[in-house]
Structures are given as structure tokens and as C-alpha cells.
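Visitor: Provided below are the primary sequence and the corresponding predicted coordinates.
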Amino acid sequence: MAIIERVPTGVVGLDRMLRGGLPRGRTILLLGGPGSGKTILSVQFLYRGIYDHGENGVYVSLDESRGHLYREMEAFGWRLEDAEREGRFLFIDAHPRRMRFNVERLKSRIRDAVDEVSARRIVIDPLTSLTLVYPDVVRRREVILELFSLLDGLGSTNIATLELRARGLERGVQLEEYLAHGVIILQRIRADRGLVKTIEVEKMRGVDHDDQPRPYRITDRGLEVYAEEQVF
Ligand SMILES: Nc1ncnc2c1ncn2[C@@H]1O[C@H](COP(=O)(O)OP(=O)(O)OP(=O)(O)O)[C@@H](O)[C@H]1O
Ligand SMILES: [Mg+2]
């Protein structure tokens, strides 16, 4: 079997769970409830990519405005404005309420941005907003597939986020999970010591990974994952 190169996420504990990082060139779905840290984790992936691994990044926002995101991320010491000025980062505003959403135009904006900064990492956050434009699940699935196949063709390593609809151990699988190479889930699980924030690698095609949920916390340095700790 060919060895798949790993791309460190910038979250040490998560990289340990992934035996080094995300598989290079793949698109990973990051699922989580509101406020679970999807945006923080995806920006951490881009920011650490730029400054620790020399991999430039593009953030496609389907939710937060540029100003809002930049301000929020400053709390973690991540200065996106500087990264942008240095030509290592680009923000694409694609929120359907601010922009007239058009998938062809978005695809060409992504291609242009990736060219402009030679991006190796791309984030789309969150796919859930596409529901506003495509309430029909079949059409939405097509659009997500189109975006994923664009990302596949770019050779970058990518994270797309999605709101977790139901939680708990018996939750159903959301259709987007079938479309991604890998799925990581952030959720709160009821354990003996109360509600615990957990991160779990649900699937990661073709690579070995931790199969247990692990606790995480959001600190002033971003997400911290405790890969050696048990939840149950
Ligand atoms: N400086 C900080 N220190 C610790 N925790 C923080 C800090 N800033 C934000 N948080 C926590 O991070 C959470 C928000 O994280 P984030 O915006 O990444 O979540 P999200 O999953 O993207 O949410 P949404 O579904 O609303 O987009 C907040 O609920 C808060 O608990
Ligand atoms: Mg968010």
C-alpha cells in the first residue's frame, strides 16, 4: 500500500490521534454543534499551516464576515490581516445573505485565490449555510459534490465544516459524511463526570487513526486535544 503523506493540523493532540495529521490532498468534514470550535479549529489549521509549515491558506466564509472573523481570531494571537498582507492568506466572502450565491462564480473565486497565494490548505466554513440557497437536499448534495471535486483537483488539503444536526451516540449519519474522505466530530458527551467536550475521528479513508473520542478544551491558544485521556 502506498504511504499517504500526513499534513499536521496544528493541534498536537489531534495529530497524535491521526498518527501525524490529515492525509495530504484530501477533503475532511469537520462536524460539530454551535459553538463547538469548528471555526477555531479550521483557522488554527490554516494559521499553523502558514507559520509552521510554509503552507499558505484560503478561508471560504459561508458565515462570518471578514472583520468579525479577524477580530475573533486575534484572541488566539492569530493575526490573519498580517498573513493576508504577507500574501500567505486570503479570505473569500461567500455568505449567501451578503453575496448573491452562485456556485460557478464561487468555484472560480476559489481557483483564483489558490493561484494568487499558492495555497496548500483550504477551509470552507460552514457548508450548512448552503441550506439557505439550496433547501432541496438533492441539489445541495450536487453543489457540495461540485465543491469537493474542485478541492480534490487543486491538490490542497482541505477542511469543510458542517453543523451537527443530532448528537449522542445514536445520531444518524448526515449525507455530507458520505461525500468526504474523512470525518472528524466535535460533540459534547455525557460521561460520569458530566458533559465532556469530545473530538472523534469517525472515518479517515486509507489511514490508521485513533478510534476513541478524546476530550478537548478551547484555550487562549486554540483547541487543545488530550489524546491520552479517556472519556469514559
Ligand atoms: N478566547 C477564548 N478562550 C476560550 N474559549 C473561547 C475563546 N473564544 C471563544 N471561545 C469558545 O469558542 C466557542 C466558539 O468557537 P467557534 O466559533 O469556533 O465555534 P463554531 O463551532 O464555529 O460555532 P458556530 O456554529 O457558531 O459557527 C465559544 O462558544 C466559546 O466557548
Ligand atoms: Mg463557526
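Guide: Arrived safely. Numbering: from 1, shown residues only. Ligands and ions are numbered 1, 2, ... in the order given.
Visitor: quick one, phi/psi of residue 120?
Guide: Per-residue torsions, residue 120: phi -110, psi -10 (degrees, to the nearest 10).
Visitor: measure it to residue 46 for me?
Guide: Using C-beta to C-beta, to the nearest Å, one obtains 10 Å as the distance from residue 120 to residue 46. Every C-beta, even on glycine, is put in place using the N, C-alpha and C of the backbone.
Visitor: list residues touching both of those two?
Guide: Counting by C-beta atoms under 8 Å, 6 or more residues apart in numbering, the contacts common to residue 120 and residue 46 are residue 57.
Visitor: more neighbours, those two?
Guide: residue 46 (27 against 23; other C-beta atoms under 10 Å).
Visitor: report the contact partners of the most centrally placed residue in the chain.
Guide: Among the residues of the chain, residue 159 comes closest to the average C-alpha position under C-alpha atoms, centre = their mean, at 3.3 Å. Residue 159 makes contact with 22, 27-30, 41-42, 45, 121-125, according to C-beta under 8 Å, 6+ apart.
Visitor: let's go with 7 Å and repeat that
Guide: With C-beta atoms under 7 Å, 6 or more residues apart in numbering as the criterion, the residues that contact residue 159 are 28, 30, 42, 45, 123.
Visitor: who wins for most neighbours among those?
Guide: Among those, the one with the most neighbours (other C-beta under 10 Å) is residue 45, at 30 neighbours.
Visitor: what's the separation between that residue and ligand 1?
Guide: Relative to ligand 1, residue 45 is positioned 12 Å away (criterion: C-beta to the nearest ligand atom, to the nearest Å).
Visitor: cool, residue 28 as well?
Guide: Here the criterion is C-beta to the nearest ligand atom. By it, residue 28 lies 15 Å from ligand 1.
Visitor: remind me which helix or strand that residue belongs to.
Guide: strand 27-32 (DSSP states H and E).
Visitor: what is the next helix or strand along the chain from that strand packed up against?
Guide: Per DSSP H and E, the first helix or strand lying C-terminal to strand 27-32 is helix 38-53. Counting contacts by 3 or more C-beta pairs under 7 Å, 6 or more residues apart in numbering; DSSP states H and E, helix 38-53 is packed against strand 27-32, strand 56-61, strand 119-125, strand 157-163, strand 222-225.
Visitor: any chance of those strands in JSON lines, plus mean pLDDT?
Guide: As requested, the helices and strands packed on helix 38-53 are exported to JSON lines (pLDDT from 0 to 100):
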{"stretch": "strand 27-32", "mean pLDDT": "97"}
{"stretch": "strand 56-61", "mean pLDDT": "98"}
{"stretch": "strand 119-125", "mean pLDDT": "98"}
{"stretch": "strand 157-163", "mean pLDDT": "97"}
{"stretch": "strand 222-225", "mean pLDDT": "98"}
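Visitor: out of those strands, which gets nearest to ligand 2?
Guide: When the helices and strands packed on helix 38-53 are compared by C-beta to the ion, strand 119-125 sits nearest ligand 2, at 5.9 Å.
Visitor: tell me the strands beside that closest one, with direction?
Guide: In the sheet containing strand 119-125, its partner strands are strand 56-61 (parallel), strand 157-163 (parallel), by DSSP bridges.
Visitor: remind me what the next helix or strand after the shortest one packs against, helices and strands.
Guide: Looking back up the chat, that one is strand 56-61. As assigned by DSSP H and E, the chain's next helix or strand after strand 56-61 is helix 66-74. The contact analysis (3+ C-beta pairs under 7 Å, 6+ apart) places helix 66-74 against helix 80-85.
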